[in-house]
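Student: just to be clear, the model below is a prediction. Sequence and coordinates:
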Amino acid sequence: MAALRYLLALLSVAALLGADQSRYTRLLWSDEFNTPADTPPDPRYWSHLIGNGIGEIGLYGWGNFEMQYYTDAPSNAYSDGAGHMIIEARRLERAGFLDNGDVIDQLCPERPAGGPCRYSSARIHTQGKVAYRFGRIEARIKYPQGDGVWPAFWMLGNDASFDPQSSGYWPQCGEIDIAEYFSVHRHQMGHFLYYPQSPALGHGEEVKGSDFSLDFHTYALEWEPHEIRWYIDGVMTQRIERSKVKEWVFDKPFFLIFNIALHESPMMGDPKNTEFPKRMVIDYVRWYAP
Ligand SMILES: [Ca+2]
């Protein structure tokens, strides 16, 4: 009897989850990455951030002491020809020089000081091209793992700007981290919100699961006017209600970002100990409305 009750409880939970997810059936947009091998991200949807932040926004290492130099080279973001987009972080053969011989005219953070950039990577985003308000955003991803390797699937408000005078300057634009992987901790995936005027500039947490680098998983966000929910492989892993957010900036269109950053810290490890290249493999990304 107890077992039957348990089974019924499980079934009703499954029914609830199923009912919740089936609300999102109308596909607004997707990229399945079915392009020939070595094709760069489709420029109809994707743009690249380039550099290390100093030249672009005056923030060394994009404000996070990130150690990678972002390029739009196909060696850092390309289709594998088998239906996946690859974001590839690479250790450069010569610090300060890209693989094609181009000189990198920026310094990258390195403890205790800066030096010529030693790594290249990519950060692709859909700002101004694919941006919606609310819905279910889902991607199937296999994450890379290693000391100092920091890949993420995340979003910013479509008004995001690097101009400090702009109303879209971070964190006023808002940030939703769907799946941010501090990969040195293999079993922890970060779900965070950032917004202004909160002592901690937002909230969220890392959830524990399997070793996320071993296989593909589906990472999804259900973003509604009254709350935001995170899912891994269809199981809800976090919920944040609007009433718990000090300044809710999540009523406007947001755009998507995939990237691999590199970072050295006691918490993240040191990419010097990591064998490169490191690849983030994205099977698809889809945006649904109810
Ligand atoms: Ca695919």
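Tutor: Arrived safely, thanks for sending.
Student: surely E224 and R133 touch.
Tutor: No - with contacts counted by C-beta atoms under 8 Å, E224 stays clear of R133, the gap being 10.5 Å. From N, CA and C alone the C-beta is placed, and that goes for glycine too.
Student: quick one, helices of the stretch 51-200 of the chain?
Tutor: Under the criterion DSSP state H, counting those that start in this stretch, the stretch 51-200 of the chain contains helices at 54-57.
Student: where does it get nearest to the ion, which residue?
Tutor: Residue nearest to the ion within the stretch 51-200 of the chain: G83 (3.3 Å; C-beta to the ion).
Student: burial check on that residue, number of neighbours?
Tutor: By the measure other C-beta atoms under 10 Å, the count of residues near G83 is 13.
Student: that one: what's it in contact with?
Tutor: E32, F33, N34, D283, Y284 (C-beta atoms under 8 Å, 6 or more residues apart in numbering).
Student: could I get those as CSV with neighbour count, secondary structure and pLDDT?
Tutor: Below are the contacts of G83 laid out as CSV (neighbours: other C-beta atoms under 10 Å; DSSP: H, G, I helix; E, B strand; the rest coil; pLDDT from 0 to 100):
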residue, neighbour count, secondary structure, pLDDT
E32, 12, coil, 98
F33, 22, coil, 98
N34, 12, coil, 98
D283, 16, strand, 98
Y284, 17, strand, 98
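Student: which two from those residues end up farthest apart in space?
Tutor: Greatest spatial distance among those (C-beta to C-beta): N34 and D283, at 10.3 Å.
Student: what comes up buried for stretch 174-194?
Tutor: Buried residues in stretch 174-194, counted by 16 or more other C-beta atoms under 10 Å: 174-186, 188-194.
Student: point out where the stretch 51-200 of the chain drops to low pLDDT.
Tutor: The model of the stretch 51-200 of the chain has pLDDT under 70 over residues 198-200.
Student: which positions in it make contact with the ion?
Tutor: Contact residues, the stretch 51-200 of the chain versus the ion (C-beta under 5 Å from the ion): G83.
Student: would you list every one of the strands in the stretch 51-200 of the chain?
Tutor: Along the stretch 51-200 of the chain, the segments classed as strands by DSSP state E, counting those that start in this stretch run 68-70, 77-79, 85-91, 107-109, 114-116, 119-121, 123-125, 131-132, 135-142, 149-157, 175-181, 188-194.
Student: mind putting the ones you listed into TSV with distance to D211?
Tutor: Listed next are these as TSV, based on distance: least, C-beta to C-beta, whole Å:
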stretch	distance to D211
strand 68-70	23
strand 77-79	25
strand 85-91	19
strand 107-109	28
strand 114-116	32
strand 119-121	22
strand 123-125	24
strand 131-132	32
strand 135-142	11
strand 149-157	14
strand 175-181	11
strand 188-194	10
